[in-house]
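> Sequence and predicted structure below; questions after.
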Amino acid sequence: MTYYGDEAFPALSDEQWARLQAYGSAQEVESGALLSGVGEATHDLILVDSGEAVVVRAATARAAEAVVARFGTGQFAGELGLLTGQATYLSARVSKPGQVHRISPVSFRQLMDEDPDLSDVILRALMARRRHLRAGEAARSIEILGSEMSAGALALRTYAARQQLPHTWVEIDTPAGAALARAVAAAGADLPVVITPTAVLRHATPARLAGHLGLSYQPVAGPLLDLVIVGAGPAGLAAAVYGASEGLQTLLLDAVAAGGQAAASSRIENYLGFTSGISGAELTGRAAVQAQKFGARIASPSQAARLDTTHERLRIMLTDDTTIEARAMVIATGARYRSLPLDRWAEFEGAGIYFRGDRAGGQGLRSGSGRGRRRGELSWPGGAVSRRTRQRRHPDRARQ
Ligand SMILES: Cc1cc2nc3c(=O)[nH]c(=O)nc-3n(C[C@H](O)[C@H](O)[C@H](O)COP(=O)(O)OP(=O)(O)OC[C@H]3O[C@@H](n4cnc5c(N)ncnc54)[C@H](O)[C@@H]3O)c2cc1C
């Protein structure tokens, strides 16, 4: 069992507990009863009035089932997916009979809007839980299998990291990678593969993974969107926080995932209010949660391709031909880096040539570490390998 510490397991006063209960409905539960399963589009916040509930990571090809959290009387079970809309990757069941209150996603949204005191406590707990889930047994729930020399695998890892998904990277060229490939009957041509409790995604891409997890754009019936923001770097995230907190129906889209360039920064020291610095991933991760707390929806990967302003409503067309209508739009697409005018640059980008602008990257270049690096080449990790060599070693990756 993972012990999370106080922030993830806050102690609520009787008065706070009663306020929380008012958003839910009571249910008597027997030992063994399933409170939420894996692969469900949404889940309830569960208040344990009496008895006990456990959160379980299902058995995988490489590991037995594991209990990742235990919730006793006066504690609530729930995960950050309540806010992000991510499908469940863990299950919750009753380990000691008693009574629970279930707060539905709609009532949870209402609670976030109406009770700043409780919403603060719950949000801090959900973020702390996600940090621990990413570092512990729960990270085995999503396994990404591929080669560090594959641009496709790198795109998946970038997406998973930016989305702060609990996940495990498994390099194919290791005994563990080979064993996992055998266990899920994945051939070299299938890579990269993502294994979740409910699916094995072959030729996985961020878009397919997002669709599987419920994180891609999904039209929602209801009033016209007030605001669509394209680009979820610091600027887009700030626009989403202010738009949603003013009560605007806000949708934030990103071609990759929330975070933008800032997510790549290991330490930002000049951001107002963070006297001792903060990593870019943490800064933008917090901003994304803040925006979602106010009701903004975030969808990625969703790349805007065209804007039609000839109608009363703005029409934003995505690269997958989805059209989104809105009253207003903010474009916060940041910088695009110019590449060197070299033949076959595109072939090696993300598969031997990488962009890095932080101190750690600079030190790596100076120290000359990294296999096969050529002078002046931003190459990490593993150095550059020609397409033909890659094709010979790993036929699947030649497509990437
Ligand atoms: C390694 C590194 C370290 C840094 N360190 C610091 C620092 O310490 N201090 C500091 O002040 N600044 C730092 N910066 C710079 C800082 O990160 C940028 O100034 C900041 O991220 C710009 O924010 P932005 O929101 O305008 O754009 P970006 O962060 O570039 O975000 C733009 C977003 O738009 C998305 N996008 C682009 N086109 C589309 C489209 N068509 N459809 C949908 N989405 C799209 C992109 O995927 C991206 O996520 C650093 C940058 C890097 C790379």
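Received it, and whenever you're ready, just let me know what you need.

> where's the residue in the stretch 101-250 of the chain positioned nearest to the ligand relative to T284, distance?
Going by Cβ to the nearest ligand atom, the ligand is nearest to G233 of the stretch 101-250 of the chain, at 2.1 Å. The way it works is simple: take the backbone N, C-alpha and C, and place the C-beta from them, glycine included. Going from G233 to T284 by Cβ to Cβ, to the nearest Å gives 7 Å.

> So for those two, which sits in the more crowded spot?
Ranked by neighbour count (other Cβ atoms under 10 Å), G233 and T284 place T284 first, with 28 against 22.

> what about that one, distance to the ligand?
Distance, T284 to the ligand, using Cβ to the nearest ligand atom, to the nearest Å: 8 Å.

> Surely that residue touches A262?
Yes - using Cβ atoms under 8 Å, T284 is in contact with A262, at 5.3 Å.

> list residues touching both of the two?
233-234 (Cβ atoms under 8 Å, 6 or more residues apart in numbering).

> just to revisit the earlier point, give the contact list for the residue of the stretch 101-250 of the chain closest to the ligand.
254, 259-262, 284, 332, 334.

> quick one: which of the residues you listed sit in helices?
Mapping the contacts of G233 onto helices (DSSP state H) picks out T284.

> Spell out which parts of the stretch 151-300 of the chain neighbour the ligand.
230-236, 253-256, 260-262, 264-265, 268, 270 (Cβ under 6 Å from any ligand atom).

> before we move on, the earlier item: between G233 and T284, which contacts overlap?
Joint contacts of G233 and T284 (Cβ under 8 Å, 6+ apart) are 259-260, 262.

> Make JSON lines out of those residues and add pLDDT.
Output for the shared contacts of G233 and T284, formatted as JSON lines (pLDDT from 0 to 100):
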{"residue": "G259", "pLDDT": "94"}
{"residue": "G260", "pLDDT": "93"}
{"residue": "A262", "pLDDT": "91"}
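
> For G211, state which of the residues you listed is nearest.
Closest approach between those and G211, by Cβ to Cβ: G259, at 19.7 Å.

> That closest one touches R162, doesn't it?
Yes - the pair G259 / R162 is scored as a contact, 4.5 Å apart, by Cβ under 8 Å.

> Between these two, point out the one with more neighbours.
The neighbour comparison of G259 against R162 (other Cβ under 10 Å) goes to G259, with 28 against 24.

> Phi and psi next, for G78.
phi 180, psi 160 (degrees, to the nearest 10).

> Would you quantify the distance from it to the ligand?
For G78 relative to the ligand (Cβ to the nearest ligand atom), the value is 28 Å.

> My guess is A139 contacts H167. True?
Yes - with contact defined as Cβ under 8 Å, A139 counts as touching H167 (5.9 Å).

> Which of these two has more residues huddled nearby?
When A139 and H167 are compared for neighbours, H167 comes out ahead with 24 against 19, by other Cβ under 10 Å.

> Now do the contacts for that one.
So H167 contacts 134, 139, 141-144, 160 (Cβ under 8 Å, 6+ apart).

> Helices - which of these land there?
Short answer: the contacts of H167 in helices (DSSP H) are 134, 160.

> Helices along the stretch 151-300 of the chain, start to end?
In the stretch 151-300 of the chain, the segments counted as helices under DSSP state H, counting those that start in this stretch are 151-162, 175-183, 206-213, 234-245, 280-293.

> If you drop the residues flanking it in sequence, what lies closest to the residue nearest the centre of the chain?
Among the residues of the chain, the one closest to the centroid is Q163, at 2.3 Å (Cα atoms, centre = their mean). Nearest residue to Q163, sequence neighbours excluded (Cβ to Cβ, 6 or more residues apart in numbering): A257, at 5.2 Å.

> Just the pLDDT for the one you found.
A257 carries a pLDDT value of 95.

> That one: neighbouring residues, count only.
26.

> who touches it in this structure?
Here A257 is in contact with 158-159, 162-163, 206, 232, 263, 300-301 (criterion: Cβ under 8 Å, 6+ apart).

> could you redo the last one with a cut-off of 6 Å?
159, 162-163, 300 (Cβ atoms under 6 Å, 6 or more residues apart in numbering).

> which element is W17 on?
helix 14-21 (DSSP states H and E).

> which of the residues in that helix are buried?
Burial within helix 14-21, assessed by neighbour count using 16 or more other Cβ atoms under 10 Å, is assigned to 16-17, 19-20.
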